[in-house]
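> After the sequence you'll find the predicted model.
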Amino acid sequence: MSARRLWPAVAAALGLGSAALAASPPSPDRIAADIQVQGAEAVVQRLFKHGDYDRVLGRIDSGASDWVALAPKLAPGTDAGTAEALPIALAFALPKNPAAVLAVLDPQSEILAPDSVCGVPFIEDTVKDIPGYIKRARAAVSKVADPGLQAMKTACLAALKPQP
């Protein structure tokens, strides 16, 4: 099952509204501009209140670079409920666009730390084949050659280990 079809289950497990998953959230540029003006907390709260937060996470999990790049802008505005979903969305994106995900990792951030994103943060049965996911993610991350991403690549690969 694809990550796109799994996202509603993740959203439901986290208590996120998923009624309008098919609708489009505001563009990544619009969200980034709103964060710059209103602050991350106000924007995350508004997105959540209007049912757009889960759609934004669904776009992040698609691996699209412009959506993945929003993660560090959104992270400071998250609370306990919304913060848990962000590394999960990035984990879904990891095998699809590892360079984009590695570029937003931040060892100083609990939410964006390599262990949080690359440490297989999925909730219960949202990913049925964890060993397969790890194999795909490790293969994708291993191919990243950008010299500026090598430290995050190493940290991510260290966190992507087989589950007991």
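It's in.

> C-alpha only now, for contacts and for neighbours.
Noted.

> For this protein, just list every one of the strands.
With DSSP state E, there are no strands along the chain.

> Under the pLDDT cut-off, which ranges of this structure? List them.
The chain contains residues with pLDDT under 70 at 1-23, 162-164.

> Let's see that with 90 instead.
Along the chain, the model assigns pLDDT under 90 to residues 1-26, 80-81, 122-129, 161-164.

> Can you tell me the centre-most residue of the protein?
With distances taken as CA atoms, centre = their mean, L90 lies nearest the centre of the chain, 2.2 Å away.

> I'd say that one and V68 touch.
Yes - in this structure, L90 is within contact of V68 by CA atoms under 8 Å, at 7.1 Å.

> what do these two both touch?
Residues touching both L90 and V68 (CA atoms under 8 Å, 6 or more residues apart in numbering): I60, D61, V101.

> so which of the residues you listed is the most crowded?
Taking other CA atoms under 10 Å as the neighbour criterion, V101 ranks highest of the shared contacts of L90 and V68 with 32 neighbours.

> ok, now which ones touch that residue?
Residues in contact with V101 (CA under 8 Å, 6+ apart) are G63, V68, A69, L90, A93, L94.

> Pull the most distant pair out of the residues you listed.
For the contacts of V101, the maximum inter-member distance is 12.7 Å, found between A69 and L94 (CA to CA).

> And these two? Which one has more around it.
Between A69 and L94, counted using other CA under 10 Å, the more crowded position is L94 (28 against 18).

> for I123, phi and psi?
Note on I123: its backbone torsions stand at phi -90, psi 130 [degrees, to the nearest 10].

> any chance you could map the helices in this structure?
3-13, 28-38, 40-49, 53-61, 65-68, 71-74, 80-93, 98-104, 114-118, 130-142, 150-159 (DSSP state H).
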